[in-house]
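S.K.: Please find the sequence and the predicted model below.
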Amino acid sequence: MSTMFAIGFVVVALVSGAFAEDKEPAINVEDGVMMLSSPNGDVVFNGTRVYCANTTRECFPSITKTIEATSSTLENLINTVNDDLVTLNGAVNELNQTLEGVVDTPNAIHSLDNRADSLSTAINGVNDDLFTTRETVATLSSILTSVTSCINCGKDKYCVAGECVACSSACGIGYGESVPCGFDHDRECMDINECDSATACFSNVMCTNTDGGYECGDCPSGFYGDGITCHPCTSCPTGFHAVVDCEQDHDVECDDVDECTTASHQCHDNSDCVNADGGYKCVCSDGFYGDGYNCRACAECPDGFEEAHACGGVFNTECIDVNECDDEPCGSNEVCVNIQGSYRCDCADLYYRKDGACIPSWGADSFLGELLNGQSLVNGGTASFKQVESSNTNVFGVAGGQIVIKQAGLVSVDYHQDTRCFSSYCTIILYAVKGDTKEIARELIAQTSNWDGIFLSSNFIVEAGTTLRVVFSSSDFRTIDNGVWARISVGFVPSEAKPSYYVGRLNNKLSGEVATFSDTYVDLNEGNEIIQSGGFFEFGKTGVVKFDYIQDIIHNCGYFYGQVIRYRASSTTVVSRELMAHTNGRWDGYHDGGSVLVNAGDKLRFNMYINRCSSESIDNGVWAPIGIGFIPFNTKQRQGTLLAYLSNKCSGSICRFTAKETTNNDVLLLSEGEVKVLKNGHVALDYHQDIIHACSYAYLAVERRRGGTSTDLVRELQAHTGGQWDGIAVSGNFIAEAGDVFRLRLECTAIQSIDNGDWGLLSAVWHPPSH
């Protein structure tokens, strides 16, 4: 027993020692079956099958390694057993020899026999173990051969008797894989119990499992469907009723309710009911309009209107005005004006209605003439003029060289003359002759051996047939030019315009800074157009004022200046400014003039700043006349006015301006710094500029550009200023056509200094034309 025990211990130790040292596959015997497993557990051999525990082909090298290691261990075990058998046989032999020498006693022999039997039994056991070991080695060799043959079967195949066989198709719907396809076996499938899922059937619907599938019971009450999916039963919308109720296999079926036949509609009595799916609509009957629930009778177009869109639907009849003017219903000198439902006949532009008929309204006219007999006037005499242009021969005429005004109205006279005077001073005088002779204004020029300019102007009312006379009263005019250097312009506004005028004379010798005047000739038309008080001229209506003031003076200031200021309720505006150089102890003439828009209540004042320096002599009376003309706004065709200041110092001889105040840009405006006329009419211009120059003389010209032609209308000349500031001015009344541009041009190549702003003010007025 002890020997057999020792032998068994040796075998087990050998096997255990081999695995423990190399950490190779473990061998176990369960229920008489040898079990092998790789160290990482990915290969299992249960005596009849070798397979990969994780079903992947990557364990095939482990299978091979496991079988080879096990086979080697068993071979070693067999060798060890064989060695043990040799030793055991030796022991038996020794026992037999011992038996032969033992005395033959019954007990001894019996004991030895028992020992021999036990030894024989042990030997038989060892022989059985050797047999089993050899069988196992044979099996492992067979498996190794199979593994070697199938090691490259690849994915989706398994090994059968050394042959690679394709795995069965994936388990079908309703089945799950219970055993995956392995190294030596196909996959196995089993039924899935879909009812284990809470979502197999609709909530609260019974689920019954079947082989490869399952079945759901009926949907709950209020639902329809297949039990897997159940939908709530719907209700028929308004205007429909159920014809088939909701059941397990279908929803409710609805059909339209015909409200028109069931009298359940709410249409108006004057409308028709029209059935529609789910409802109805109401349509107003012919002759009515509205939304069908409320219908109103269609309207008829009144006189003076016609139908644009017929009544129908929700819209009433749409009527549009008939343009009766298309039929030209108005009479002579009338313009048809269409109004809603009718028309009216207005008088055409420049006409007004009197006693039911349209008669001509007022319009302005202009005349431009030039001197004919200049050189004959050096010893004094009456100027003789010829016509350069005239807008109306019914207003202007020339008789014996004298300008005749044929109609009653307001005239504005501007006369520019270049000359040389060799006496202490030379004078020209303007008269208006109609039966008696009225002196309107006079201007003087100081002694000069150089060419210089003299400028005479005023504004006054004349009777029809009045003659304008310009007289050279001195006998010491040395040289007098004709032509463009000696031009007279006359603006005329008829009495129908209801103009007013004021002609007065200085009465305070410029004591203080405000000039005050005494009345000479006054026609205020309706009595409140011009009110003179304390040096202020106040105006009772809205209109245009044209003013001219002339003054003779001796002063020793470096220069002095005067300006005309318009006073308005909350503002003051300088509308004209004129500068005069040192007179060197000689009488000389100062002139200021311009045009401006006034509102009712506005005032003008003539401020003269001679008291700021030392003056030697100032005259009142005829040597200091003022003429103011006032024209109310034309109610049919409003005048346009412009007040602007110099902005480019007459660079390149062209003077350009920036607007200071404008009215009615439809007729008159600044374009590129020049005065542009947009409608036919008449324009009055006044421009005053201070300057220092070293030319023998400089001159200002009013140039009119019409089409591609430029024409100088008037010029004013100024002698060398001797390094002093002095003033130069030009003005006139001119015919204007739409598109005309009036440009101020200063000609001198030696201008030393010139000011912008209010030292270079331009005023312009546009009047509508006469017929």
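M.R.: In hand now; what should we look at? Numbering: from 1, shown residues only.

S.K.: Give me the pLDDT value at the closest residue in space to Thr317 that isn't next to it in sequence.
M.R.: If the residues on either side of it in the chain are set aside, Thr317 comes closest to Cys311, at 4.1 Å by Cβ to Cβ, 6 or more residues apart in numbering. Yep, even glycine has a C-beta here, placed from its N, CA and C like the rest. The model reports Cys311 with a pLDDT of 93.

S.K.: how far away is Ser168 from Pro180?
M.R.: Distance, Ser168 to Pro180, by Cβ to Cβ, to the nearest Å: 11 Å.

S.K.: Mind listing the shared neighbours of the two?
M.R.: Arg187 (Cβ atoms under 8 Å, 6 or more residues apart in numbering).

S.K.: Which one's more surrounded, those two?
M.R.: Ranked by neighbour count (other Cβ atoms under 10 Å), Ser168 and Pro180 place Pro180 first, with 16 against 13.

S.K.: measure the residue nearest to Gly227 when sequence neighbours are not counted to Gly225 for me?
M.R.: Using Cβ to Cβ, 6+ apart and skipping residues adjacent in sequence, the residue nearest Gly227 is Cys216, 3.0 Å away. Remark: distance between Cys216 and Gly225 (Cβ to Cβ) = 9 Å.

S.K.: anything in contact with each of the two?
M.R.: With Cβ under 8 Å, 6+ apart as the test, Cys216 and Gly225 both reach Phe202.

S.K.: Adjacent strands (with direction) for the strand or helix carrying His682?
M.R.: Element membership for His682, per DSSP states H and E: strand 681-693. The pairing partners recorded for strand 681-693 under DSSP bridges are strand 726-736 (antiparallel), strand 751-754 (antiparallel), strand 757-767 (antiparallel).

S.K.: which stretches of this protein form helices?
M.R.: Here the chain has its helices, by DSSP state H, at 2-22, 60-101, 106-150, 259-262.

S.K.: pLDDT of the longest one, averaged?
M.R.: Meaning helix 106-150. Mean pLDDT, helix 106-150: 67.

S.K.: what's the answer for the shortest one, then?
M.R.: Throughout helix 259-262, pLDDT has a mean value of 87.

S.K.: where's that helix relative to the chain centroid, distance-wise?
M.R.: In terms of Cα atoms, centre = their mean, to the nearest Å, the gap separating the centre of helix 259-262 from the centre of its chain is 56 Å.

S.K.: What helices and strands are in contact with that helix?
M.R.: strand 271-276, strand 279-284 (3 or more Cβ pairs under 8 Å, 6 or more residues apart in numbering; DSSP states H and E).

S.K.: winner for burial among the ones you listed?
M.R.: strand 279-284 (a mean of 19; mean count of other Cβ atoms under 10 Å).

S.K.: what comes into contact with that strand?
M.R.: Residues contacting strand 279-284 (Cβ under 8 Å, 6+ apart): 238-239, 258-260, 265-268, 270-274, 290-293, 295, 313.

S.K.: what angle do it and strand 271-276 make?
M.R.: For strand 279-284 against strand 271-276, the angle by axes from the mean of the first three to the mean of the last three Cα atoms, to 10 degrees is 150 degrees.

S.K.: Using CSV, write down the CA coordinates of strand 279-284.
M.R.: The C-alpha coordinates for strand 279-284 follow below in CSV (Å, rounded to 0.1, in the frame of the first residue of the first chain):
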residue,chain,number,x,y,z
GLY,A,279,-69.4,74.7,-43.4
TYR,A,280,-71.0,77.2,-45.8
LYS,A,281,-70.6,80.6,-47.1
CYS,A,282,-73.0,83.5,-47.6
VAL,A,283,-72.9,85.5,-50.9
CYS,A,284,-74.8,88.8,-51.1
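
S.K.: Let me see the mean pLDDT of that strand.
M.R.: According to the model, strand 279-284 has a mean pLDDT of 92.

S.K.: Tell me the gap between that strand and the middle of its chain.
M.R.: With Cα atoms, centre = their mean, you get 46 Å for strand 279-284.

S.K.: Note down every partner strand of that strand and its orientation.
M.R.: strand 271-276 (antiparallel).

S.K.: What ranges does the stretch 451-600 of the chain have for its strands?
M.R.: 466-472, 477-480, 486-494, 500-506, 517-523, 530-533, 536-539, 543-555, 559-568, 571-581, 588-598 (DSSP state E, counting those that start in this stretch).

S.K.: Could you dump those into JSON lines and include mean neighbour count?
M.R.: Converted to JSON lines, those look like this (neighbours: other Cβ atoms under 10 Å):
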{"stretch": "strand 466-472", "mean neighbour count": "21"}
{"stretch": "strand 477-480", "mean neighbour count": "19"}
{"stretch": "strand 486-494", "mean neighbour count": "25"}
{"stretch": "strand 500-506", "mean neighbour count": "23"}
{"stretch": "strand 517-523", "mean neighbour count": "15"}
{"stretch": "strand 530-533", "mean neighbour count": "16"}
{"stretch": "strand 536-539", "mean neighbour count": "20"}
{"stretch": "strand 543-555", "mean neighbour count": "25"}
{"stretch": "strand 559-568", "mean neighbour count": "20"}
{"stretch": "strand 571-581", "mean neighbour count": "20"}
{"stretch": "strand 588-598", "mean neighbour count": "24"}
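
S.K.: mind putting the ones you listed in TSV, mean pLDDT included?
M.R.: Below are the strands of the stretch 451-600 of the chain laid out as TSV (pLDDT from 0 to 100):
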stretch	mean pLDDT
strand 466-472	96
strand 477-480	86
strand 486-494	95
strand 500-506	91
strand 517-523	87
strand 530-533	86
strand 536-539	92
strand 543-555	93
strand 559-568	93
strand 571-581	94
strand 588-598	93
